[in-house]
Structures are given as C-alpha cells and as structure tokens.
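A.B. asks: give me a 3D structure for the following:
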Amino acid sequence: MAKLLIIDDMATDRMVLRSFLSARPFDIVEATDGEMGIALCQSEHPDLVLLDIVMPKMDGFQVCRRIKKDPLTAHVPVILISSKGQDSDKFWGMKQGATDYLTKPCSQEGLLAAIDRVLPG
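C.D. replies: Model (predicted):
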C-alpha cells in the first residue's frame, strides 16, 4: 500500500484530498505546515507528497526545494496542488523539483490520474 503525505495548512483542503483518495487503499499522513511536512517526510518515508503552495511560515516552493535537496527525501515525488494557477507558478514549481502541478480545485479523476502517472501499478 502506497503511503501519501498531504502537506496543507487548510483543514478543508486536507479533508477534500483525503475523501478523493479514499477511492484507493492509500496510507495517508497529514501535515499542517511546511516544517511539519518536511519532518514527516523524513520520518514516515512516503511514496508521494501532495503539497500546497500557499502556507504560512514556509511556502510549498520552499518545502519542495528542501525535500528535493535532502538526500533522505530527494527520491520522493512531489505533486504541487495550489490555487496559484498561472504558468509562471507552474514553471517555478517544476523548477523546485515537483513532479506534477495541479490547480485547485482539482477533480478526483485529475488527482488520481496524476498519482497514477507518478506511482504506476
């Protein structure tokens, strides 16, 4: 069973993602901010991170960059999921090491398709 780490400061957004993911047998871990997310990524060894961008203290771009620069977590794919939908945001997210970028609100089908591209099988 694949382990997914959701990093999002908004409880409602985490709940929506969790409900979308309930269609599959995922082990889900949640973090409410970037610092907690980085710590959980190091300790929980997820197969995939679903990461919001707009968060207090440390934004998702910073979190993605830290995950990708850490030898313990650099291999973990990151899908950015954000309300920031401009091409420049997507470009910058991919430059930080993200594997994919979805714009909120995303659909369940879109999210699961993105996960399937990253975690085949």
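A.B. asks: any idea what the residue most central in space within the chain is bridged to?
C.D. replies: Nearest to the mean C-alpha position of the chain, counting by CA atoms, centre = their mean, stands Leu50 at 1.6 Å. Following DSSP bridges, Leu50 is listed with bridge partners Ile6, Ile79.
A.B. asks: how much space between it and Leu112?
C.D. replies: 12 Å (CB to CB, to the nearest Å). Glycine gets a C-beta too; all of them are placed from N, C-alpha and C.
A.B. asks: hang on, the earlier thing: surely the residue nearest to the centre of the chain touches Leu4?
C.D. replies: Yes: the pair Leu50 / Leu4 is scored as a contact, 6.2 Å apart, by CB atoms under 8 Å.
A.B. asks: contacts only, for Leu17.
C.D. replies: 6, 8, 50, 81, 111 (CB atoms under 8 Å, 6 or more residues apart in numbering).
A.B. asks: now the two most distant members of these.
C.D. replies: Pairwise distances across the contacts of Leu17 (CB to CB) peak at 12.9 Å, for the pair Asp8 and Leu111.
A.B. asks: and for the two, which residues touch both?
C.D. replies: With CB under 8 Å, 6+ apart, Asp8 and Leu111 have common neighbours 17, 50, 81.
A.B. asks: top of the contacts of Leu17 by neighbour count?
C.D. replies: Taking other CB atoms under 10 Å as the neighbour criterion, Leu50 ranks highest of the contacts of Leu17 with 28 neighbours.
A.B. asks: model confidence for it, exactly?
C.D. replies: The model reports Leu50 with a pLDDT of 98.
A.B. asks: against Ala114, how distant is it?
C.D. replies: 9 Å.
A.B. asks: anything in contact with each of these two?
C.D. replies: With CB under 8 Å, 6+ apart, Leu50 and Ala114 have common neighbours Ile79.
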